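Participant: What follows is a predicted structure for the sequence shown.
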There are 2 protein chains.
Amino acid sequence: MINFEDAFTKVLENTKDFGEETVTLKNSVGRVLAETIYADRDFPPFNRSTKDGIALNYKSILEGKTELKIEGICSAGIPQQELKEDYNCLEIMTGAVLPKNADTIVMYEHVSITDGVVTINQIPKQGINIHAQGTDEKEGAVLLSPGILIDAAEVGVLATVGKSEVNVKKTPKITVISTGNELVPVEEKPLPHQIRKSNTLSIEAALYKEYIIPEQLHLADKKEEIKKSLSVALKNNDALLLSGGVSKGKYDFIPEVMEELGVEKVFHRVAQKPGKPFWFGIHKETETIIFSFPGNPVSTFANYHVYFLPWLKKSLGLPQDNLQVQLQEEIEAKPPLTKFVQVTTFLEKGLFCGKLINGNGSGDLTTLSRANGFVCLSPREDIYKIGELVPFIKVK
Amino acid sequence: MINFEDAFTKVLENTKDFGEETVTLKNSVGRVLAETIYADRDFPPFNRSTKDGIALNYKSILEGKTELKIEGICSAGIPQQELKEDYNCLEIMTGAVLPKNADTIVMYEHVSITDGVVTINQIPKQGINIHAQGTDEKEGAVLLSPGILIDAAEVGVLATVGKSEVNVKKTPKITVISTGNELVPVEEKPLPHQIRKSNTLSIEAALYKEYIIPEQLHLADKKEEIKKSLSVALKNNDALLLSGGVSKGKYDFIPEVMEELGVEKVFHRVAQKPGKPFWFGIHKETETIIFSFPGNPVSTFANYHVYFLPWLKKSLGLPQDNLQVQLQEEIEAKPPLTKFVQVTTFLEKGLFCGKLINGNGSGDLTTLSRANGFVCLSPREDIYKIGELVPFIKVK
């Protein structure tokens, strides 16, 4: 048995690079950017009007001329106009190009217009209401760097510079594998000694949130079948996520078959609760990583978030969360096991607090629905006190 | 002009119920549950072995018998067996049904086996290693209530009780509408006086995160076209999200057309920065809600998160976030405008902190990429001080 810190370190030592791919802008949300995004022109690309009003040459103001004849209209989307006479003006709309020979925009609220002549009622400062070319970004400037997660704001930036296709980090090819003869599909009515498959569906749902659509596989407790299926799965995936089949039972063929297929066991069993019988290995030949989680729902769920998600983030080049919450109750975590305890979190006067959820032990999935995450309590003789800050693993 | 609090209240007074629909379990992630989920049987549904080992009748232990003949094997997925002789035992696997006439399970680690006879090396407590029927949940118990957001843990619960299809709240039908003749599609190279469409793509990306796939529409600055398109859009949507077209320009036909189409203006212009020229209305006939955001990227983005998302959450029956962060710098928000300032947040000793991001004003989208959200600063004469807690609107 290995302790939690060592197990975690070993998992993170076995991350891998899944390469890159090009996706449409629309499909880039939630993906990790794999290229540098440059400004393809100045932003704004021209001296841009920020108000609806009139554009004038400031000479008029300096020389006390406050009644200006309107020469025409500059609307957004038409090429740059020119103010022909210094003491005239042009109407101008938000988003339009500042006309040549004009340098100031007065908003409609500060003028009155009669018979094609503008009267300026409030003297403007020179140069106002213009968003000058290149003041946000100069052509060639780096707007986004590789490694960031693309979210709505980044989609806006990518659209602005014409990236209808984006180079992103590939996500891993994953198969989620259920094991055990007692499992029946969700849509079936189980016999008294059977239960419905649920763990792997929960993991699949969690993977969707990472923009990964996994394959699914069920292994009955028959050694030759398991070997055949796993052999194929190892070839076709970056990672296998298994639930069940790694305890000491007669029909828990997985560790044995893995060994026969050339998978190197990195560790089996971690001094933690829940999730102790976790088996982690790597198939050197295909570089496929195997996360074989224990069969009970909370153990699988905890280990997915404790080990797999940090592995995924590191593999994609994303930073880890490293969150901490303040405990609201006392709790024990006597040696030798690291404890993962379900909590619900809330903000109280800016402080991120975690309140324990009383479940029925590691088997009860419904309590998970009330938790946002787990606090990670390293084993120690002293009780964890109210107000202590402890690491927090977010699950929702 | 209306103040921010009143505008926000009016938006939340105009939420609506989009009804319910049935989706597959797989598609239920991120949706709001619209039915009560009951336990369809006890959980566990039978006295379930939690270890691999041997099942015995505790009589053997009480009577000092520590060498027991193995009658057979109870594996997971087979019907309940029976221990025929009180002083024999059965091998049993994790997940299997406790056999009749047995009441205790001893793990393999605490026995040795030779020639079909088990020797018990460590005396067990009576009844251990059994997850008793119904101890997690009794048949008929409420497992999940309507109104919760379905996440990975809930998918596990739904699968457990056989919900291959789930009744959820419908999400609104939405069309995202871009306006302005200066806009060209992302894949086109803009002329010097043009810019690429980006705001609406950013909103669409944000909607994907809410599991909403919106329609898209572009309106050129031509009144009759706008009227025709909006008339159709009002009939086919629960909400329209517009970007641009609501300032005071000559070609900002939207407010006028809305009125002609029977849309009631709830308000136009809010005492806030950015996002002042926000227009909000309701079409009584179709009950379609119109969010018409100002055209600049940060304004649109801020108003989407400030108004639309809370409206969506309330419409779906979800609670609001009500987050607060601790300011890390001094900042002014003099009357009369409520200020939304971009911040990046972090946890420091459990405290949720917000650090201001220095942008180039409301027009610069690239600074948004560095922000997690906005702090909301109500207008006041006193400066906001370091350490003050202020409302926080999360954007990522």
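Facilitator: All right, it came through fine.
Participant: Tell me the residue of the stretch 201-350 of chain A that sits nearest chain B?
Facilitator: Per Cβ to the nearest Cβ, A:S202 is where the stretch 201-350 of chain A lies closest to chain B, at 3.4 Å. Backbone N, C-alpha and C define where each C-beta goes, glycine included.
Participant: Tell me the secondary structure at that residue.
Facilitator: helix (DSSP: H, G, I helix; E, B strand; the rest coil).
Participant: Secondary structure element holding the closest residue to it other than its chain neighbours?
Facilitator: Closest residue to A:S202 in three dimensions, ignoring its sequence neighbours and counting by Cβ to Cβ, 6 or more residues apart in numbering or on different chains: B:G156, at 3.4 Å. Element membership for B:G156, per DSSP states H and E: helix B:152-160.
Participant: still on that earlier bit, list the contacts for the residue nearest to A:S202?
Facilitator: A:198-199, A:201-202, A:205, A:297, A:301, A:365, A:368 (Cβ atoms under 8 Å, 6 or more residues apart in numbering or on different chains).
Participant: Assign A:V306 to helix, strand or coil.
Facilitator: helix.
Participant: Could you check how far it is from B:V270?
Facilitator: 45 Å (Cβ to Cβ, to the nearest Å).
Participant: next one: A:K355
Facilitator: Separation of A:K355 from B:V270 (Cβ to Cβ): 37 Å.
Participant: neighbour-wise, which of those two wins?
Facilitator: B:V270 (27 against 15; other Cβ atoms under 10 Å in any protein chain shown).
Participant: Name the surrounding residues that touch the longest strand along chain A.
Facilitator: Secondary structure of chain A per DSSP state E: the longest strand is strand A:338-348. The contact list for strand A:338-348 (Cβ under 8 Å, 6+ apart) reads A:3-4, A:270-275, A:298, A:302, A:306, A:325, A:331, A:333, A:352-357, A:359, A:367-368, A:370-379, A:392-393, B:323-324, B:352.
Participant: got the end-to-end distance for stretch A:313-327?
Facilitator: In stretch A:313-327, first residue to last residue: 26 Å (Cα to Cα, to the nearest Å).
Participant: what's the neighbour count on A:E13?
Facilitator: Neighbourhood size, A:E13 [other Cβ under 10 Å]: 11.
Participant: Distance check, it against B:L389.
Facilitator: Here A:E13 is placed at a distance of 41 Å from B:L389 (Cβ to Cβ).
Participant: Equivalent analysis for A:L143, please.
Facilitator: Separation of A:L143 from B:L389 (Cβ to Cβ) stands at 33 Å.
Participant: Who are the packing partners of the longest helix seen in chain A?
Facilitator: Ranked by residue count, the top helix of chain A under DSSP state H comes out as helix A:223-236. Helices and strands touching helix A:223-236, by 3 or more Cβ pairs under 8 Å, 6 or more residues apart in numbering or on different chains; DSSP states H and E, are strand A:174-179, strand A:215-219, strand A:239-243, helix A:254-260, strand A:288-293.
Participant: rerun that using 7 Å as the cut-off
Facilitator: On a contact count with 3 or more Cβ pairs under 7 Å, 6 or more residues apart in numbering or on different chains; DSSP states H and E, helix A:223-236 meets strand A:215-219, helix A:254-260.
Participant: Tell me where the model's unsure across the stretch 151-300 of chain A.
Facilitator: Scanning the stretch 151-300 of chain A for pLDDT under 70 picks out no residues.
Participant: Which positions in it make contact with chain B?
Facilitator: Contact residues, the stretch 151-300 of chain A versus chain B (Cβ under 7 Å from any Cβ of the partner chain): A:151-157, A:159-160, A:162, A:164, A:180-182, A:186-187, A:189, A:192-199, A:201-202, A:205-206, A:208, A:221, A:247-251, A:295, A:297.
Participant: tell me the angle of the strand or helix carrying A:Q324 relative to strand B:338-348?
Facilitator: Using DSSP H and E, A:Q324 maps to strand A:323-327. Per axes from the mean of the first three to the mean of the last three Cα atoms, to 10 degrees, the angle that strand A:323-327 makes with strand B:338-348 is 80 degrees.
Participant: How many residues are close by the residue of the stretch 1-150 of chain A found nearest chain B?
Facilitator: Going by Cβ to the nearest Cβ, chain B is nearest to A:G77 of the stretch 1-150 of chain A, at 2.9 Å. Neighbourhood size, A:G77 [other Cβ under 10 Å]: 20.
Participant: Equivalent analysis for A:K284, please.
Facilitator: Other residues lying near A:K284 total 10 when counted by other Cβ under 10 Å.
Participant: for A:E67, same thing?
Facilitator: By other Cβ under 10 Å, the residues close to A:E67 number 12.
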